[in-house]
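*Asks:* Below: sequence and its predicted model.
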Amino acid sequence: MEALQQELKEKIIKILNLEDISVEDINDNDPLFGAGLGLDSIDALELIVMLDKDYGIKLVDPKEGKAIFESVATMAKYISEKRTK
Amino acid sequence: MIKQATYIKAYCSIQNNKIDLNGTSVFKTGECLFVDFAKAAYRNFELNYPKFFKMDNLSKLAFLAAELLLKNELETDRDIALLLSNKSSSLDTDIKFQESINNQENYFPSPAVFVYTLPNICMGEISIRHNLKSENTFFIFEEFNPGFMSNYTNVLLCTNRAEEVLCGWVEYYKDTYRAFLYIVTTTFGIPHDATTIQTLFNK
């Protein structure tokens, strides 16, 4: 799980162009949206595409996203349970 | 419409890894890609606006030029209209987006790229940054058209649609770029007419 969390932090920084943020700046349980990393709705859509492209997970119900994308830890847990690649 | 004199208050040009403000060089780098040049300029001017890195190259170019012209006007409720133009619209980003959906076996359209597949998005970025809720229009021309731009600007100012107009040319396609933005006002500056604009553009 720790390796997956590290991988997710690297992907989030790269895909969302978080130029001034390093992996060390993101704690596993930090909120990704709002007061945390300050991600927006377009970032959320990019994360949904990433789940599909990199882990073979199609998010059918967008409402699920709120809980899944709460933090790196919640993302890693969901991916490890649902991934098809 | 009451005709009145209008003036160019300030102007900014960006091309060939160099930024000039009011005719004076304020930043330049050696040979590099635009994306690296833009990042170096962002750092140099200490812009502190992380969303910059999410923008497409056309928006980064327009944003940088606008930032240098408006940085001292960050107070709210300025009625500054935006009037921009270029040749290639958002084609550079349109192509990037098209490439992400060409292959049905590898079909992952990027929402973050898609939102920049219109040229006027760069004006939205400027408006958000400077809290502008003003008139804005983006025109596509084969080449910079100072006669049209000066007429349109004068109409905006003389009909009280705006106190000032940030206008000009912002062109980006395949790492070839040029921004020439200027602020027109009714109070002071260089006399605003097509010939003067063309002269400043050609510098």
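*Replies:* Nice, thanks for sending it over.

*Asks:* Only C-alpha atoms from now on, for both contacts and neighbour counts.
*Replies:* OK.

*Asks:* tell me the contacts of the residue most central in space within chain B?
*Replies:* In chain B, the residue lying closest to the centroid (CA atoms, centre = their mean) is B:A62, at 3.1 Å. With contacts defined as CA atoms under 8 Å, 6 or more residues apart in numbering or on different chains, the neighbours of B:A62 are B:C122, B:M123, B:I126, B:V170, B:A179.

*Asks:* make it 10 Å
*Replies:* B:14, B:84, B:122-123, B:125-126, B:168-172, B:178-181 (CA atoms under 10 Å, 6 or more residues apart in numbering or on different chains).

*Asks:* Show me which residues of chain A are close to chain B?
*Replies:* Selection of chain A residues close to chain B by CA under 10 Å from any CA of the partner chain yields A:15-21, A:39, A:41-50, A:52-53.

*Asks:* if we can go back for a sec, name the SS class of the residue nearest to the centre of chain B, please.
*Replies:* Classification of B:A62 using DSSP: H, G, I helix; E, B strand; the rest coil returns helix.

*Asks:* tell me the helices in chain A, going along the chain?
*Replies:* Taking DSSP state H, the helices of chain A run over residues A:2-15, A:41-55, A:65-68, A:72-82.

*Asks:* Between the ones you listed, which one is closest to B:T137.
*Replies:* Counting by CA to CA, B:T137 lies closest to helix A:41-55 out of the helices of chain A; the figure is 24.4 Å.

*Asks:* Need the CA coordinates for the closest one. CSV is fine.
*Replies:* Taking C-alpha atoms only, helix A:41-55 is exported to CSV below (Å, rounded to 0.1, in the frame of the first residue of the first chain):
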residue,chain,number,x,y,z
SER,A,41,-13.4,20.2,-10.5
ILE,A,42,-11.3,19.8,-13.6
ASP,A,43,-8.6,18.1,-11.5
ALA,A,44,-11.3,15.7,-10.3
LEU,A,45,-12.1,14.8,-13.9
GLU,A,46,-8.4,14.2,-14.6
LEU,A,47,-8.2,11.8,-11.6
ILE,A,48,-11.2,9.9,-12.9
VAL,A,49,-9.4,9.5,-16.3
MET,A,50,-6.3,8.4,-14.5
LEU,A,51,-8.2,5.6,-12.6
ASP,A,52,-9.4,4.3,-16.0
LYS,A,53,-6.2,4.7,-17.9
ASP,A,54,-3.7,3.5,-15.4
TYR,A,55,-5.7,1.1,-13.2
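
*Asks:* State the distance from B:E125 to B:K28.
*Replies:* Distance from B:E125 to B:K28, counting by CA to CA, to the nearest Å: 24 Å.

*Asks:* before we move on, what about B:W169?
*Replies:* On the measure of CA to CA, B:W169 and B:K28 end up 20 Å apart.

*Asks:* what about those two, which has more around it?
*Replies:* Higher neighbour count among B:W169 and B:K28: B:W169, with 26 against 17, using other CA atoms under 10 Å in any protein chain shown.

*Asks:* tell me the SS of the more buried one?
*Replies:* strand.

*Asks:* what stretches of the chain score poorly on pLDDT?
*Replies:* Using chain A. Across chain A, no stretch falls below the confidence threshold (pLDDT under 70).

*Asks:* that's the other chain; I wanted chain B
*Replies:* In the predicted model of chain B, residues B:1-2, B:73-77 satisfy pLDDT under 70.
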